[in-house]
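K.L.:
Pasting the sequence and the predicted coordinates here, then a few questions.
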Amino acid sequence: MEKHRCGWCLGDPIYIAYHDTEWGVPVREDKKLFEFLILETFQAGLSWITILRKRENFRKAFDGFDYQKIAHYGQNKLDALLSDPGIIRNKLKVHAAVTNAKAFIELQNEYGSFNQYIWSFVGGKPIKNSLKHYKDAPAKTILSDTISKDLKKRGFKFVGSTVVYAHMQATGMVNDHEIGCFRYHEV
């Protein structure tokens, strides 16, 4: 018998693998939280499958999502990124990755870790929604509005409320698996 999955991931093996192993699983490690933050910012205005298909290229191009290195990228590295066909070559988003790495480090210094900062918005525990269909999930919430405003105030770029909510879903801050999905109770 086939497992029931959220409808958004059906039809593509990359989507299915991501859904079955990562999406909605609580992430507490700063490097992984930064990876999702970068990927979500590049996804703004595009489909998530486009980003997933380029994920390994992003990992290679951005030094394994090492925010310490990214924060110190100079013009030569930025030029190399902007000419790399394996990633999204949007000048504003590439520059935002550097800006966000610097802001990420500042948050770590203030809170001890980005994990401490971001998870404080949900009291350290995932919000468990009860969606019958994935299309019932909101694109943003009052909470994602609040987090977005705070991140922007701290200098982050491309972190609108919709991007923040997608980040919350991806990193397990909110469980938006359909209640009939086999992952709903697992995460």
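P.N.:
Structure's in. What do you need?
K.L.:
what about the residue most central in space within the chain, which helix or strand?
P.N.:
By CA atoms, centre = their mean, the chain has its centre lying nearest to residue 36, at 3.1 Å. Under the criterion of DSSP states H and E, residue 36 resides in helix 30-43.
K.L.:
Pull out the buried residues from the helix or strand just after that helix.
P.N.:
Sequence order places helix 48-61 as the next helix or strand after helix 30-43, per DSSP H and E. Neighbour-count burial for helix 48-61 flags 48-49, 51-52, 54, 58, 61 (criterion: 16 or more other CB atoms under 10 Å). Where C-beta positions appear, they are placed from N, C-alpha and C, glycine not excepted.
K.L.:
Put the alpha carbons of the longest helix belonging to the chain into PDB.
P.N.:
Scanning the chain for the longest helix, with DSSP state H as the assignment, gives helix 91-111. Written as PDB, here are the backbone C-alpha positions of helix 91-111 (Å, rounded to 0.1, in the frame of the first residue of the first chain):
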ATOM      1  CA  LYS A  91      22.700  40.100  -8.400                       C
ATOM      2  CA  LEU A  92      20.500  41.300  -5.500                       C
ATOM      3  CA  LYS A  93      20.100  37.800  -4.100                       C
ATOM      4  CA  VAL A  94      23.800  37.000  -4.400                       C
ATOM      5  CA  HIS A  95      24.700  40.200  -2.500                       C
ATOM      6  CA  ALA A  96      21.900  39.500   0.000                       C
ATOM      7  CA  ALA A  97      23.600  36.200   0.800                       C
ATOM      8  CA  VAL A  98      26.700  38.100   2.000                       C
ATOM      9  CA  THR A  99      24.600  40.600   3.900                       C
ATOM     10  CA  ASN A 100      22.500  37.800   5.500                       C
ATOM     11  CA  ALA A 101      25.700  35.900   6.500                       C
ATOM     12  CA  LYS A 102      26.900  39.000   8.300                       C
ATOM     13  CA  ALA A 103      23.500  39.600  10.000                       C
ATOM     14  CA  PHE A 104      23.400  35.900  10.900                       C
ATOM     15  CA  ILE A 105      26.700  36.100  12.700                       C
ATOM     16  CA  GLU A 106      25.600  39.200  14.600                       C
ATOM     17  CA  LEU A 107      22.400  37.400  15.800                       C
ATOM     18  CA  GLN A 108      24.600  34.500  16.900                       C
ATOM     19  CA  ASN A 109      26.700  36.900  18.900                       C
ATOM     20  CA  GLU A 110      23.700  38.400  20.500                       C
ATOM     21  CA  TYR A 111      21.700  35.200  21.200                       C
END
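K.L.:
and residue 77, how far is that from residue 71?
P.N.:
Counting by CB to CB, to the nearest Å, the separation of residue 77 from residue 71 is 11 Å.
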